[in-house]
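# Quick one: sequence plus predicted model below, questions after.
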Amino acid sequence: MGQQKTVWDNPADVIRHLAPEHPVMVFAPTVLQDRARQFIDGFPGLVTYAVKSNPDEVVIQNLVAAGIKGFDVASPFEIDLIGRMAPDAARHYHNPVRGRSEIAHAVQQGITSWSVDSRSELDKLFDQLPTHVEGQGVEISPRFKLPVLGAAYDFGSKFGASPELAAELLSEVARRGYVPSLTFHPGTQCTDPIAWESYIRVAKDICDQAGVRAVRLNVGGGFPSHRVVGVEPDLASIFQEIGDTTTEMFGADAPALVCEPGRGLCADAFSLITRVKGIRDGGDVFLNDGVYGGLAELPIIGNIDRIEVLDPQGNPRGADASGRVIFGPTCDSVDRLPGELGLPADTQEGDYVIFHGAGAYSTVTNTRFNGFGAMTRATVMRLS
Ligand SMILES: *Cc1c(COP(=O)(O)O)cnc(C)c1O
């Protein structure tokens with residue numbers, strides 16, 4: 001192929017030059033850095049990145065370059081990854097249930113921020129955690145939950161104490177000499193600021209009930225990415241609501257705010273190029289990627305409809321769109337996108353379907369099921 005470029009102009013350039021047979025995840029570092037700065041400048045507190053949403057080293061590197069100084073880590077692997085790639089950054093170990101060997105590893109790595117949502121797990125932390133590391137207090141944040149509001153997916157079904165239990169845990173944390181803080185996760189892809197507002201109000205009740213001033217309040221992830229045409233994430237309104245509600249509820253005694261976006265930071269910096277393998281008798285469309293690959297999340301939180309169809313020369317197909325059933329490449333009948341997606345009527349075998357905003361929970365959950373999943377990567381200047 002002659003001299004191969006390492007940075008392409010945009011997805012069409014990748015298609016024209018490589019005619020990729022496998023799915024390609026294209027990454028625009030400038031888009032990621034811009035989004036990171038939007039969070040850093042707009043969020044009224046510390047911005048940490050939830051590593052699980054996309055732990056690619058280029059993502060971590062670009063976030064550090066943009067000024068991200070903290071990371072939400074959930075496993076020994078993620079603790080070590082950030083320790084190696086961003087040794088000066090804060091690491092918050094916010095997986096509320098951990099094995100004793102995982103706790104020991106994190107203690108040995110110098111982790112000083114922990115979350116918890118039960119008495120049994122808090123007792124494990126008390127057994128293994130010092131109250132201070134090099135003169136700095138060790139922070140334990142009870143994580144609480146409310147009924148789900150405005151999220152695409154309910155995180156509360158797995159983690160989070162009731163407000164009553166959170167109050168008990170918070171007072172116990174303070175009594176034992178640890179730094180008492182609170183955390184919650186409102187659910188992922190929350191487009192409505194009300195999700196945060198109601199949690200922050202309850203955080204104040206929990207502090208009052210416990211008789212403890214929380215040092216920090218971590219308002220979780222859940223910040224939306226741009227998945228649906230015409231529904232642009234309004235991060236500024238969400239930041240405003242979080243700041244205003246915190247001031248209204250806590251006044252001068254307000255805890256320092258922290259957030260831990262995953263998808264809201266990384267998703268929109270990536271687009272996934274898939275190829276049409278076949279259009280079965282003019283109807284159902286089969287792509288070379290699906291729910292066992294880069295589109296794993298779509299059945300759980302809904303379709304990405306920010307799609308474009310390009311012909312093999314990289315030109316857009318322009319006919320009016322009509323609804324199509326879209327299948328992935330495996331022989332499993334679950335491998336189907338929800339409902340139907342609008343594709344241009346002139347879409348043909350060999351065309352490319354690009355899903356924009358595909359960078360979260362995609363590269364990292366890609367499987368090799370049925371022999372598929374050989375996803376390649378490309379760096380681009382722009383995503384369209
Ligand atoms: C997954 C996760 C996040 C990130 O969630 P997004 O919805 O991707 O922003 C943040 N905090 C914790 C504790 C998580 O488990």
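Done, it's in.
# For this protein, which residues are neighbours of the ligand?
Within the chain, the positions adjacent to the ligand are 50, 52-53, 72, 94, 185, 188, 220-223, 260-264, 360 by CB under 6 Å from any ligand atom. Placement of C-beta: from N, CA and C, glycine included.
# now do 8 Å
By the rule CB under 8 Å from any ligand atom, the part of the chain lying against the ligand is 50, 52-53, 72, 74, 94-95, 115, 143, 153, 155, 159, 183, 185, 187-190, 220-223, 260-265, 360-361.
# Can you list the residue ranges for strands in the stretch 51-200 of the chain?
Using DSSP state E, counting those that start in this stretch, the strands assigned to the stretch 51-200 of the chain run over residues 70-73, 90-93, 113-116, 132-133, 136-137, 139-142, 179-180, 182-183.
# name the helices or strands packed onto the last one?
Read it as strand 182-183. strand 139-142, helix 194-210, strand 216-218 (3 or more CB pairs under 8 Å, 6 or more residues apart in numbering; DSSP states H and E).
# ok, now with 7 Å
Secondary-structure packing of strand 182-183 (3 or more CB pairs under 7 Å, 6 or more residues apart in numbering; DSSP states H and E): strand 139-142.
# And for the second one?
If you count contacts as 3+ CB pairs under 7 Å, 6+ apart, strand 90-93 packs onto strand 70-73, helix 76-85, strand 113-116.
# change it to 6 Å
Contact here means 3 or more CB pairs under 6 Å, 6 or more residues apart in numbering; DSSP states H and E; on that basis strand 90-93 packs against strand 70-73.
# Would you tell me which one of the strands of the stretch 51-200 of the chain is buried the most?
strand 182-183 (a mean of 31; mean count of other CB atoms under 10 Å).
# what's the pLDDT at the residue in the stretch 101-250 of the chain positioned nearest to the ligand?
When you check the stretch 101-250 of the chain against the ligand by CB to the nearest ligand atom, the closest residue turns out to be residue 221, at 2.3 Å. For residue 221, the model assigns a pLDDT of 97.
# go on, residue 313?
Residue 313 is given a pLDDT of 97.
# Skipping adjacent residues, who's closest to it in space?
residue 16 (6.2 Å; CB to CB, 6 or more residues apart in numbering).
# Likewise for residue 45?
That would be residue 257: by CB to CB, 6+ apart, it lies 2.9 Å from residue 45.
# what's the spacing between the closest residue to residue 202 other than its chain neighbours and residue 146?
Setting aside the residues directly before and after it, residue 202 is nearest to residue 163 in space (CB to CB, 6+ apart), at 5.4 Å. Distance, residue 163 to residue 146, by CB to CB, to the nearest Å: 8 Å.
# can you check residue 26 too?
For residue 26 relative to residue 146 (CB to CB), the value is 38 Å.
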